[in-house]
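Novice: I would like to see how this sequence folds:
(4 chains)
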Number of protein chains: 2
Amino acid sequence: MSNQEIAESAGQRSGGCCAPISVSALDEAQAAEGAAVFKALSDPIRLRLMSIIASAGGEICVCDFTGQFDVSGPTISHHLRVLRQAGLVDCERRGTWVYYWPKPERMQWVSALLAVPEAAALAR
Amino acid sequence: MSNQEIAESAGQRSGGCCAPISVSALDEAQAAEGAAVFKALSDPIRLRLMSIIASAGGEICVCDFTGQFDVSGPTISHHLRVLRQAGLVDCERRGTWVYYWPKPERMQWVSALLAVPEAAALAR
DNA sequence: CCACTATGTTGAAGTTCATCTAATCAGCGA
DNA sequence: TCGCTGATTAGATGAACTTCAACATAGTGG
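Specialist: You can find the predicted model right below:
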């Protein structure tokens, strides 16, 4: 895969955009978008929710969360919405239950933002 | 490499610890540590500061920041402290000026946390 | 149609955060 | 030693965030 292809696959309009910050600095718009995603991950409960969803290997039911956390149902619901609005997960209601799944492109984009290319790492 | 070895090589006491969240979920302590780092990156100004420091290719003087941002000097200083406390940058005073540099291990750790192994990506 | 379960939404209370001004600290040169 | 410049700390204030209780909505089954 060429660098160009990598850039394109990462760069589908929303947020996907930029080289790792070790390579080039972000402009204001890029920083705003990135910060919004990091904010979604900046709460311990949300990060755990995200990790449970991401590691589920597919979909997972909301009913599997309640009980694993010390907070009330509405609070879980609120945190899930934040993750959804950040584009990190998506969900669908099927019958009584609601299922969530991760959006790997988005996760990968954020991960790539922080990645340290070997050259940059060696420069120190 | 055994799982144990992986855990050890990633786990130098503070924070380094865990497999990507696409592979296994975080426990409370891991989530707390990860969330703290994400919180440090969750502000647009801090994320831009971080990207400027990371892409500087070495050290950079605080005096290079002031003027690039619409906030007062003390505010910049406050944000730099948050990044420092998160372990993402470090600094040293030399004469009149203070220089900052990134800590690539920490950046790499956070990046790895969100990385999506191919297998996990293909499973969807 | 009604009761029941599973989630999501709203509004309010308490807490944390970003930002500013004013004051302080560190180094330099006269 | 005194002032000057660069940077950080302290205190205050308004905005944003987390959380819960109460209510609303969607779907199931009697």
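Novice: angles on the backbone of the nearest residue to A:Val89 once chain neighbours are set aside, please.
Specialist: Leaving aside its sequence neighbours, A:Val89 sits nearest to A:Leu83 (Cβ to Cβ, 6 or more residues apart in numbering or on different chains; 4.8 Å). Glycine gets a C-beta too; all of them are placed from N, C-alpha and C. Torsion angles at A:Leu83 (phi, psi; degrees, to the nearest 10) stand at phi -60, psi -40.
Novice: surely A:Leu83 is in contact with A:Met50?
Specialist: Yes. Using Cβ atoms under 8 Å, A:Leu83 is in contact with A:Met50, at 5.9 Å.
Novice: looking at those two, which is more packed in?
Specialist: A:Met50 (29 against 24; other Cβ atoms under 10 Å in any protein chain shown).
Novice: what pLDDT does the more buried one get?
Specialist: Looking at A:Met50, its pLDDT stands at 98.
Novice: from what I see, it and A:Leu41 are in contact.
Specialist: Yes. Assessed by Cβ under 8 Å, A:Met50 is found in contact with A:Leu41 at 6.4 Å.
Novice: hey, what's in contact with both of those two?
Specialist: A:Leu88 (Cβ atoms under 8 Å, 6 or more residues apart in numbering or on different chains).
Novice: got any residues that touch both of A:Leu83 and A:Met50?
Specialist: A:Val89.
Novice: which residues of chain A fall in helices?
Specialist: A:3-10, A:28-40, A:44-54, A:73-85, A:104-114, A:118-122 (DSSP state H).
Novice: and the second one with helix A:104-114, angle?
Specialist: The one in question is helix A:28-40. 110 degrees (axes from the mean of the first three to the mean of the last three Cα atoms, to 10 degrees).
Novice: point me to the residue of chain A nearest DNA strand C.
Specialist: A:Pro74 (2.8 Å; Cβ to the nearest atom of the strand).
Novice: local confidence estimate at that residue?
Specialist: Value for A:Pro74, per-residue pLDDT: 96.
Novice: ok, now which ones touch the closest residue to A:Phe65 other than its chain neighbours?
Specialist: Once flanking residues are discounted, A:Phe65 sits nearest to A:Ile76: 5.5 Å by Cβ to Cβ, 6+ apart. Contacts of A:Ile76 were listed using Cβ under 8 Å, 6+ apart, and they are A:45, A:49, A:62, A:65-66, A:69.
Novice: quick one: residues contacting the closest residue to A:Ser77 other than its chain neighbours.
Specialist: Distances taken as Cβ to Cβ, 6+ apart place A:Val62 nearest to A:Ser77, at 7.8 Å, with adjacent residues excluded. Going by Cβ under 8 Å, 6+ apart, A:Val62 touches A:76-77, A:80, A:97-100.
Novice: now the buried members of these.
Specialist: A:76, A:80, A:99-100 (16 or more other Cβ atoms under 10 Å in any protein chain shown).
Novice: what's the most distant pair in these?
Specialist: A:Ile76 and A:Tyr99 (14.4 Å; Cβ to Cβ).
Novice: out of the contacts of A:Ile76, grab the one that's most surrounded.
Specialist: Going by other Cβ under 10 Å, A:Leu49 tops the contacts of A:Ile76 with 28 neighbours.
Novice: so it makes contact with A:Asp64?
Specialist: No. Shown here, A:Leu49 and A:Asp64 do not form a contact pair, counting by Cβ under 8 Å, at 10.6 Å.
Novice: hang on, A:Gly73 packs against A:Gly67?
Specialist: No. The criterion here is Cβ under 8 Å, and A:Gly73 misses it with A:Gly67 at 10.1 Å.
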